[in-house]
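Asker: Next one to model:
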Amino acid sequence: MLYYSLDKDAHQPRFAYEGDAGMDLALSHDLTVPVGGHRIGDTGVHVAIPEGHVGMLFVRSSTGIKRNLVLSNGTGIVDSGYRGQVKLSLHNTGDTKQHIPAGAYIAQLVVVPIATNNIAEVRVLDNTERGTNGIGSSGK
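Answerer: Alright, predicted model coming up:
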């Protein structure tokens with residue numbers, strides 16, 4: 001169960017269609033993002049991500065296509081212990097400023113389970129078939 005609360009100017013999160021993975025989030029205020037610029041958008045939504053899960057923020061497909069807006073860091077992460085407002089760091093990749101009115105659903109939150117990992121430093125890592133072959137190595 002995902003619990004949430006709303007600030008007074010927030011708009012109700014929604015799932016556009018039954019079975020959707022992403023819960024749509026709207027801005028709680030008007031926002032203008034200049035060409036090549038970054039702005040922080042407030043949603044007024046606070047969430048309690050269940051322990052053992054993470055909230056991943058993405059722009060909605062239509063936001064990227066119609067408005068040339070992306071999240072400044074690609075994907076936002078909402079940890080299970082965070083109770084502050086969900087904010088969106090938006091970057092305008094287009095050639096015109098973008099004005100987004102309050103109430104526009106521009107992002108989505110996807111909650112997924114995570115593996116909890118213990119970490120330990122070792123002198124040498126085990127060998128694998130891939131080894132150190134990095135970017136582009138699978139296009140042999």
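Asker: State the helix or strand in which the spatially closest residue to residue 83 that is not a sequence neighbour lies.
Answerer: Among residues not flanking residue 83 along the chain, residue 46 sits closest, at 5.9 Å (Cβ to Cβ, 6 or more residues apart in numbering). No exception for glycine: its C-beta is placed from N, CA and C like everyone else's. Secondary-structure assignment from DSSP states H and E places residue 46 in strand 38-48.
Asker: and if you look at residue 12?
Answerer: With DSSP H and E as the test, residue 12 turns up in no helix or strand.
Asker: these two touch, right, residue 79 and residue 53?
Answerer: No - judged on Cβ atoms under 8 Å, residue 79 makes no contact with residue 53 at a distance of 9.4 Å.
Asker: So those two - more neighbours on which side?
Answerer: A side-by-side neighbour count of residue 79 and residue 53, using other Cβ atoms under 10 Å, places residue 53 first with 15 against 10.
Asker: From start to finish, how long is stretch 15-24 in a straight line?
Answerer: In stretch 15-24, first residue to last residue: 6 Å (Cα to Cα, to the nearest Å).
Asker: Phi first, then psi, for residue 21.
Answerer: phi -80, psi -30 (degrees, to the nearest 10).
Asker: Show me the strands in the chain, by range?
Answerer: Secondary structure of the chain (DSSP state E): strands at 3-6, 23-26, 31-33, 38-48, 53-59, 69-71, 76-78, 85-92, 98-100, 105-113.
Asker: Show me which residues of the last one are buried.
Answerer: Same thing as strand 105-113. Within strand 105-113, the residues that count as buried by 16 or more other Cβ atoms under 10 Å are 105, 106, 107, 108, 109, 111.
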